[in-house]
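1. coords please:
(chains A, B and C)
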Amino acid sequence: MDAGDIARALTRIAHEILERNKGVHGLALVGIRTGGVYLAHRLVRRIQDIEGATVPIGELDITLYRDDLSLRKEQPKLRKTSVPFDISDKIIVLVDDVLFTGRTIRAAMDGLIDLGRPAEIQLAVLVDRGHRQLPIKASYIGKNLPTSRDEKVQVMLEENGEDDRVVILKA
Amino acid sequence: MTILIRGGRVIDPGRLNAVADVLLEGGKIAAVGRNLTAPRGATIIDAKGRLVLPGFVDLHVHFREPGFEYKETIQSGAAAAVAGGFTTVCCMPNTNPVNDNQAITEFMLERAREAGLANVLPIGAITKGSEGKELAEIGDLRRAGCVAISDDGRPVMNSLVMRRAMEYAMAFDVPVVDHCEDLHLTEGGCMNEGLVSTELGLPGIPAAAEDVMVGRNVALAELTGARLHLAHISTEGSVRMVREAKSRGIKVTAEACPHHFTITEEVVRGYNTHAKMNPPLRTWKDVQAIKGGLRDGTIDAIATDHAPHATQEKQQGFTDAPFGIVGLETAWPLTLALVEEGILSLEAAVEKLSTAPAKAFGLSKGTLVVGADADVVVADPQEPWEVDPAKFRSKSRNTPFAGWKVKGRIKTTIVGGRVVFETTQAEQS
Amino acid sequence: MSLKRKDLLSLAPLSVDEIRLILETADSFKEVTGREIKKVPALRGRTVVNLFFEPSTRTRTSFELAAKRLSADVINFSPSSSSVVKGETLLDTARNIEAMQADIIVLRHSSAGAAETLACGVKSSVINAGDGWHEHPTQALLDLYTIRERGMAFEGLRVAIVGDVAHSRVARSNIYALTKLGAEVRLVGPPTMMPHGVEKLGARVFYDLDESLEGVQVIMMLRLQLERQGRALFPTIREYARLYGLTAERVKIADPGAIVMHPGPINRGVEIAPEVADSLSSVILEQVANGVAVRMGILYLMSGAN
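-> Numbering: from 1, shown residues only, chains lettered A, B, ... in the order given. Have a look, this model is predicted:
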């Protein structure tokens, strides 16, 4: 995917979110650190352009909810979680860049539920590369990219000083 | 038993320092000279390349019998002594019960006789129970065989009691040995007071705690004219005061321990209880002062203050662990290090371990003159070895020198004309 | 970046980066303690043992809360604190705990060096919660966190630590940490309570409190242990309070905006006047709140697979 593909995919996802949820009422976006945060902000801007309404946005660090903490020799660095609104009774759209095994999303859901009781949790991802290890399904997908298990998929973004694109790195 | 020690370098401090043979007969030195003929049936000991020295005399050991036999007995202590080249040791009275009477003295001498290894000469207590209040029966102790009096482990805090002890001891011509420490200044301290104790958060014993008592004792020695011997001095201040006192003719002698001229308070880092003893390890400046005192004769003798403690006792927290380290089996190589450093000549080093301590206590030991007791040690001055506490003859293992690579090994120790220790082949590695 | 250490025994060997990592990690946990559900599963299935040979409700509770909020299992051991608790017991007790698969042991003991002795004898991670007069690393870290939270930078910060410095593990840990981070540390107290050679650790010594407080931005008061009066360290509590007690007038000598800290428990009217303890400049309660977050951060960083 190049910059144009990414832009079009995000626009389509924004429309889909609004269509499915019939507008912005009760809606909030939560970007998963670090890949999903900028994408979540971009989606909020598009929703603003389309509906003329702002949607609350939060940033979630899932490190403390990882299922592999006890196996790692060194604990991974923590980043801050900042969800400055009450998520209870809201429709939360989790946003991430790449959906792979599904473990990150599982951790994100555990993290969210510790913050409150959402009415519904939906998932928006830019890339779904398959190879799920848990029964997790995205609600909104930018592009399905078939990959082999040992390849790496990286989403490069302008906000990080790169040109917008998705790269697949061979093993 | 007749023994001919052949071809070694014989050092009899002040008398001889040359390659010669030594003949021992009937428990005495029979002859010293070149190319002696071996009498029939004599055991020959080849001492080529080695030193033949008067058996070392340690003025300060703790053999924990009676009362603390699990740490050391007179037998195991005597075995450790001869393994370290010491043929005569003076053992302190802080046993349980304290050696403040004739019966305990006789018990200790009997135990030493049974062991048949080093000569163990008891030091009697100055005061009853070493409590520092009433004089012990010093006359009786002398008659029973004590060679000096001391309350070691503790100082005599009350200056009047110390004065009386010094005066009274003069009648029996025994030296009064004081462990110089003002207990009030010590106040729960467990290492030298200084930057290291500040960093480690441990209560400190200031150098002044020792200096204060050295000054007091020197003044009392001057007042009474008694024979004063200062145990284990460790500070710059002590050395200075002893030097000054001697220059004015006061009858004071002093000893220093190998750890006080080898290591400093830095060894305590990591809360190493094998670096905990009293007086504590001091600073580099104090170590230099001790070396200077040995070199110019201010410090007469090297003594070990061999203080065995059981492993589990030293495995406690630093403030709880008992004070003391063993020292008989490491004294020779640590003393030789002073020779290598140029502080002492080889002859002077040997003198500090034999002739001088004997003189300080008026013992007829520490010499190889014809007619003297056949207490001889054959030592190697160069052989490298590693200190392994597991191989100690002592019952206890508490030393800070474990794993040290040192030079100088005791090969054969002879007491009263009998070989009581030999380094076996198995240990030559 | 992570804490590549098995144990946290002392702040002396920590690098500036390691200290900063701990403080940054604590930020995340401060956020967690602000939530409705103050729990995260990060240490689920791990066992944290509080081994407190010296009684301490405050520190022990703080560690217990920290461990529980990380979903760890917590066990509290308080072996009888008779005056003759020997190190033999320490080593044997520790081996028993290790056999129970304790991942982290938090130790408080009256002997300096006890934590180090324990750490050498067990595979579990050991956190020193106070060993005799030696150190109390987590207290100093939460003190640093509190200062940082108030927006103060450490470089050039003027900090006065007032009281019985010689017998204070809190003081020692803070001296190491603050000097490392570039702060100017002033130690204030009677000469009898200043440890030998402490200037060599990079601090300035003052015997006059008023003089020392000029321009100071952080005033750290130490608790006067009243039982020490018998040992000729100071003549009376009255004189001590007059010379070294922090009154409202004295706070005015310091920088406007200066904060007052105290590790607790406070002796009102002795080292600190009640109105100062309750004033806006006092951050004493913030210290307690931050204690849980900082300890959560430390437990998290030390819980990697060993």
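2. what bits of chain A have low per-residue confidence?
-> For chain A, no stretch has pLDDT under 70.
3. can you name the farthest residue from the center of it?
-> For chain A, the residue at maximal distance from the C-alpha centroid (Cα atoms, centre = their mean) is A:Lys73, at 27.4 Å.
4. quick one: stretch C:112-128 near chain A?
-> No. Stretch C:112-128 lies out of reach of chain A by Cβ under 8 Å from any Cβ of the partner chain, never closer than 11.8 Å. Where you see a C-beta, it was placed from the backbone N, CA and C, and this is true even at glycine.
5. State the number of residues packed around B:Ile123.
-> Using other Cβ atoms under 10 Å in any protein chain shown, B:Ile123 has 29 other residues around it.
6. And what about it, helix, strand or coil?
-> Judged by DSSP: H, G, I helix; E, B strand; the rest coil, the three-state class of B:Ile123 is strand.
7. quick one: contacts for it?
-> B:Cys90, B:Cys91, B:Met92, B:Pro93, B:Asn99, B:Cys146, B:Val147, B:Ala148, B:Ile149, B:Ser150, B:Asp152, B:Val177 (Cβ atoms under 8 Å, 6 or more residues apart in numbering or on different chains).
8. Just the ones of the residues you listed in strands?
-> Among the contacts of B:Ile123, the ones falling in strands (DSSP state E) are B:Cys90, B:Cys91, B:Ala148, B:Ile149, B:Ser150, B:Val177.
9. bridging residues for the fourth one?
-> In this case it means B:Ile149. B:Gly124, B:Val176 (DSSP bridges).
10. I figured the residue farthest from the centre of chain A hits C:Gly304, correct?
-> Yes. Taking Cβ atoms under 8 Å as the definition, A:Lys73 is a contact partner of C:Gly304 at 5.0 Å.
11. what's stretch B:97-112 in contact with?
-> B:63, B:65-67, B:73-75, B:78, B:91, B:93, B:95, B:118-120, B:122-125, B:127-130, B:136-137, B:140-141, B:143-146.
12. residues of that stretch that come out buried?
-> Neighbour-count burial for stretch B:97-112 flags B:Val98, B:Asn99, B:Asp100, B:Asn101, B:Gln102, B:Ile104, B:Thr105, B:Phe107, B:Met108, B:Leu109, B:Arg111, B:Ala112 (criterion: 16 or more other Cβ atoms under 10 Å in any protein chain shown).
13. Using TSV, please lay out those together with pLDDT and secondary structure.
-> Below are the buried residues of stretch B:97-112 laid out as TSV (pLDDT from 0 to 100; DSSP: H, G, I helix; E, B strand; the rest coil):
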residue	pLDDT	secondary structure
B:Val98	97	coil
B:Asn99	97	coil
B:Asp100	96	coil
B:Asn101	96	coil
B:Gln102	96	helix
B:Ile104	97	helix
B:Thr105	97	helix
B:Phe107	97	helix
B:Met108	97	helix
B:Leu109	97	helix
B:Arg111	97	helix
B:Ala112	97	helix
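14. Considering those, which is situated nearest to B:Asn278?
-> B:Val98 (17.6 Å; Cβ to Cβ).
15. That closest one and chain A, how far apart?
-> According to Cβ to the nearest Cβ, to the nearest Å, B:Val98 stands 58 Å off from chain A.
16. what's that residue sitting at in phi/psi?
-> phi -60, psi 140 (degrees, to the nearest 10).
17. Likewise for A:Val24?
-> phi -100, psi 0.
18. distance of B:Leu363 from B:Asp173?
-> 12 Å (Cβ to Cβ, to the nearest Å).
19. Would you mind listing which of the contacts of stretch B:97-112 are buried?
-> Counted by 16+ other Cβ under 10 Å, the contacts of stretch B:97-112 give B:63, B:65-66, B:73-75, B:78, B:91, B:93, B:95, B:118-120, B:122-125, B:127, B:130, B:136, B:140-141, B:144-146 as buried.
20. Packing partners of the helix or strand where B:Leu53 lies?
-> Counting by DSSP states H and E, the element that carries B:Leu53 is strand B:51-54. Helices and strands touching strand B:51-54, by 3 or more Cβ pairs under 8 Å, 6 or more residues apart in numbering or on different chains; DSSP states H and E, are strand B:2-12, helix B:346-353, strand B:376-386.
21. centre of the chain versus the very next helix or strand once past that strand, how much separation?
-> Using DSSP H and E, the helix or strand that follows strand B:51-54 in sequence is strand B:56-61. Centroid separation between strand B:56-61 and its chain, computed with Cα atoms, centre = their mean, to the nearest Å, is 3 Å.
22. wait, C:His196 sits on B:Leu195?
-> Yes. Between C:His196 and B:Leu195 a contact is recorded at 6.8 Å, counting by Cβ under 8 Å.
23. Neighbour count: these two, which is higher?
-> B:Leu195 (19 against 16).
24. The more buried one and chain C: what is the separation?
-> Following Cβ to the nearest Cβ, the distance that separates B:Leu195 from chain C is 4 Å.
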